[in-house]
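Q: have a look; sequence and predicted model below, questions after that.
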Amino acid sequence: MKIIYKYYFLITFISIGITSCTADFEEINTNSNAPVTVQPSLLLRQVIYNYGEEMSYEGFVAGGLLGQHMTALDFNLFDRHALKSPQLGGDPWPIFYRNLRDNELILNQSRSSEAFKVYEGPALIFKAYMTAALTDIYGDVPYNEAFRGLDGIVQPQYDLQEDIYLQENSILLK
């Protein structure tokens, strides 16, 4: 009896596997109404708003806690001036890189399409502004190889702070 169930299961599994594979799988399962890219006009607004909103939180809350103008409800690492603890702020690294990544998308679109060319200037200014703040806080950070994951660079090299400011194609020497 157990052998019959095993064969029944095997035949069922094979028949499902054979009938479920189709040549046009990608075409059937692609939503033709879903956007593939975001327009730079919408993305630039989001980058500016998100960076300003999140960094103001970092400045007010983290600055207030470090200056002892206010305190947390419970004793935590931030009350002991541990800036590595992102409990109540104090961790702007993901804020910078999330917005710099989106800003890089704006730059790529503005350089590839004549219709979006107008967004290159504001995106370059905002890139320089955010990168200067990032390197002022952290020192050496990924810059030249950052955001090149599609090119196969998933662990970018850290650039020296001096090079980020003064190297060719840097934030000051464009």
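A: Okay, I see it.
Q: what sits against Val118?
A: Taking Cβ atoms under 8 Å, 6 or more residues apart in numbering, we find Val118 in contact with Ser110. Heads up, the C-betas are built off the backbone N, CA and C, glycines and all.
Q: now do it, the pLDDT please.
A: Here, the pLDDT recorded for Val118 equals 96.
Q: the one 5 residues further on too?
A: In the prediction, the pLDDT value recorded for Ala123 is 95.
Q: can you tell me the helix or strand for it?
A: Assigned by DSSP states H and E, Ala123 belongs to helix 120-138.
Q: for the following helix or strand past that helix, packing partners?
A: Note on helix 120-138: by DSSP H and E, the next helix or strand toward the C-terminus is strand 141-142. Contact here means 3 or more Cβ pairs under 8 Å, 6 or more residues apart in numbering; DSSP states H and E; on that basis strand 141-142 packs against helix 120-138, strand 158-159.
Q: what distance separates the following helix or strand past the shortest one from the centre of its chain?
A: If you walk from strand 158-159 toward the C-terminus, the next helix or strand you reach (DSSP H and E) is helix 161-166. Relative to its chain's centre, helix 161-166 lies at 22 Å (Cα atoms, centre = their mean, to the nearest Å).
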